[in-house]
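Colleague: the sequence and its predicted three-dimensional model are supplied below.
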Amino acid sequence: MLSIVVPVAGVLLSFVLSERYVRQIALAVMPVGAAIAMAILLALPRGDGFIVYLLGAWSPPLGVALRADGLSAVMLAATAIIICAVGVYAAADSPPAAGSRRVPFAFWVLLMAIWAALNTIFVGGDLFTLYVALELLTFAAVPLVSLEGRADTLRAALRYLLFALVGSVFYLMGTALLYGLYGTLDILLLSHRVSAEPGVLIAAALMTSGLLAKTALFPLHLWLPPAHAGAPAAASAILSGLVVKGSFFILLRLWFDVLLALPGFAAAQILATLGAGAIVVGSIVALRQDRLKLLVAYSTLAQIGYLFLLFPLALDGQGRLDTGPALAGGLIQAISHATAKAAMFMAVGSIYAGLGHDRITGIGGTARALPLSVMTFALAGFALMGLQPGGASLAKELLLLETARTGQWWWAGALQFGGMFTAAYVLLVLVHALSPPDQPVALAARPRRGSDLAALALALCSLLLGLLPWQPYLPIPYALESKLFGVESLVKSLITVLGGTALAILLSPWPHPLVGTMAWKDLASVLGPFRRAGLGLGGLVERGDRVLRQWPVAGICMLAVTVLLAASMFGAD
């Protein structure tokens, strides 16, 4: 309960004391909230694996219960760490838009509101509480997009709001169906009552597609690239690192805790197929962006796809979802992405502030001029690529273990190629940043050391997540940790880097810094036909992405996903 009350109290106190003290209030609330999250994390293994708080001492279905389990505890802790790091970054950096005193006030208040909404999602014990928290999260996240007040960011924020509201309507319709059928929305009670009847199948399809729209899973991603790329750096870090995880966490609660009795094989394959599509489309379009923030935004679209590969891999022998290593892998991947992507956006923000632009082809010499920012971007990128001992590496090993167990080898291919795609756009940026500039780099402003260190701490956190003791909270085989090191892991990393290098050369349309050298001319003579084919494919994918991000097409896609999910469950019933 305190994990929700503390940030809410910070919001209310900020309105009472006005914008003069809002930053001090937020910075005072952050260590308190982080201490509460860590206390929950430490207390959970000492009990029976659950911490339950009854609001008003009324038990469900009359009352509302807040419950924390292993999934909740690790997400509460990860969220607290990221919020604190972003807070330090924003406090050390110049305000998100220094021209107005109301803009910094809005940023800090919205940051605390997002924290409160996310904590409510992580401990919420019934579907309606989760709906309310999800709406609070949306209404706090949307203004972050348009903090600077530019016309393009206002359009992006409005697009985000409208599409998120469509997703909310779908989720609420499914919730109403479940309440009409069973007279309760408590997750624990529903898990014992839900059966595979038509109303439940329709509710599951509606709620799932609504949550997919809020998570921006391909092809329901029309709002994500402009929203994440247009927001200030600190806001982008929160939007990409945390906000999209809220609806994903509810999706996990829905399928792994409520809908256990539903036939899940076909629906899980559909979700994973959309995830694989997100990896491919997001990565290819990321490689074709000329701005760093847009590249990182499309990288978020691609990384979201990884999270949905867990669904078919979590199926047991009866075609039901099981809370095993696949679920643990998906959650660790979500945390690794949250920390790495927040660090990446903050590093890009520092580069933008230093250079006055974020054009990829114009960042030559940045590694010498802004070494901490480039190093942060590199470490976060290495973590996302799945290099040891990062959290993404542990998550990939868990998911690969499940591909062998279930015999679904094709998802192993998606995981491996996804790592290569990640390596491609990370290496693309690093090659340009490490290349010598055409003229001496003149910094428009030098980023504050505190902001650089906050971003670097998050990147290191993501890169070391594989070393943490996850077993008290998540179902991870003890013997798996030994696979993170050794010759086999080194070979996998080398293949990922080499594959990423090849993809960057074949798919990126921007001139390589080595163009004009004899080595590049020799390579171009060999790879010329393949590069032309790759550029043609990339252009086709980019045009397809632009079509998918049109309102009519996005609406049709959402209806199609809903119908497809419902049909898959009806057909399997």
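Modeller: Thanks, I have it.
Colleague: check which residues of the helix or strand where residue 7 lies are buried.
Modeller: Residue 7 is part of helix 2-17, with elements assigned from DSSP states H and E. Residues of helix 2-17 classed as buried by neighbour count (16 or more other C-beta atoms under 10 Å): 2-4, 6-11, 13-14. The way it works is simple: take the backbone N, C-alpha and C, and place the C-beta from them, glycine included.
Colleague: nearest to residue 69 among the residues you listed?
Modeller: residue 3 (13.9 Å; C-beta to C-beta).
Colleague: which element, helix or strand, includes the nearest residue to that closest one once chain neighbours are set aside?
Modeller: The spatial neighbour of residue 3 that comes closest, neighbours along the chain excluded (C-beta to C-beta, 6 or more residues apart in numbering), is residue 119 at 4.4 Å. Element membership of residue 119 [criterion: DSSP H and E] is helix 102-123.
Colleague: how far does that helix sit from its chain's centre?
Modeller: Mean-position distance between helix 102-123 and its chain equals 17 Å (C-alpha atoms, centre = their mean, to the nearest Å).
Colleague: show me what it is packed up against.
Modeller: Where contact means 3 or more C-beta pairs under 8 Å, 6 or more residues apart in numbering; DSSP states H and E, helix 102-123 is packed against helix 2-17, helix 22-43, strand 65-68, helix 70-92, helix 127-145, helix 233-238, helix 244-253.
Colleague: among these, which is the most enclosed?
Modeller: Ranked by mean neighbour count under mean count of other C-beta atoms under 10 Å, the helices and strands packed on helix 102-123 are led by helix 233-238, which reaches a mean of 28.
Colleague: contacts only, for residue 408.
Modeller: Shown in contact with residue 408 (C-beta atoms under 8 Å, 6 or more residues apart in numbering): 312-313, 402.
Colleague: got phi/psi on it?
Modeller: Backbone torsions of residue 408, given as degrees, to the nearest 10, read phi -90, psi 70.
Colleague: just to revisit the earlier point, with only the CA atoms kept, save the helix holding residue 119 in CSV.
Modeller: Output of helix 102-123 as CSV, limited to C-alpha atoms (Å, rounded to 0.1, in the frame of the first residue of the first chain):
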residue,chain,number,x,y,z
ARG,A,102,5.0,25.2,-15.6
VAL,A,103,6.8,22.6,-17.8
PRO,A,104,9.2,21.4,-15.1
PHE,A,105,6.3,21.3,-12.6
ALA,A,106,4.3,19.1,-15.0
PHE,A,107,7.3,16.8,-15.6
TRP,A,108,7.9,16.1,-11.9
VAL,A,109,4.2,15.7,-11.1
LEU,A,110,3.7,13.4,-14.0
LEU,A,111,6.8,11.3,-13.1
MET,A,112,5.4,10.7,-9.6
ALA,A,113,1.9,10.0,-11.0
ILE,A,114,3.4,7.4,-13.5
TRP,A,115,5.2,5.7,-10.6
ALA,A,116,2.0,5.5,-8.5
ALA,A,117,0.1,4.1,-11.5
LEU,A,118,2.7,1.5,-12.3
ASN,A,119,3.0,0.3,-8.6
THR,A,120,-0.8,0.0,-8.6
ILE,A,121,-0.6,-2.2,-11.7
PHE,A,122,2.1,-4.4,-10.2
VAL,A,123,0.1,-5.1,-6.9
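Colleague: for it, list every residue counted as buried.
Modeller: Buried, per 16+ other C-beta under 10 Å, within helix 102-123: 103-123.
Colleague: same check on stretch 169-182?
Modeller: Of all the residues in stretch 169-182, those buried under the rule 16+ other C-beta under 10 Å are 170-172, 174-175, 177-179, 181-182.
Colleague: stretch 458-477 too?
Modeller: Those would be 458-463, 465-466, 470, 473-476, for stretch 458-477 by 16+ other C-beta under 10 Å.
Colleague: ok, residue 89 to residue 455 distance?
Modeller: For residue 89, the distance to residue 455 (C-beta to C-beta, to the nearest Å) stands at 6 Å.
Colleague: overlap in contacts, those two.
Modeller: Residues touching both residue 89 and residue 455 (C-beta under 8 Å, 6+ apart): residue 346.
Colleague: ok, now which ones touch residue 280?
Modeller: Contacts for residue 280 were tallied using C-beta under 8 Å, 6+ apart; they are 302, 417, 421, 541.
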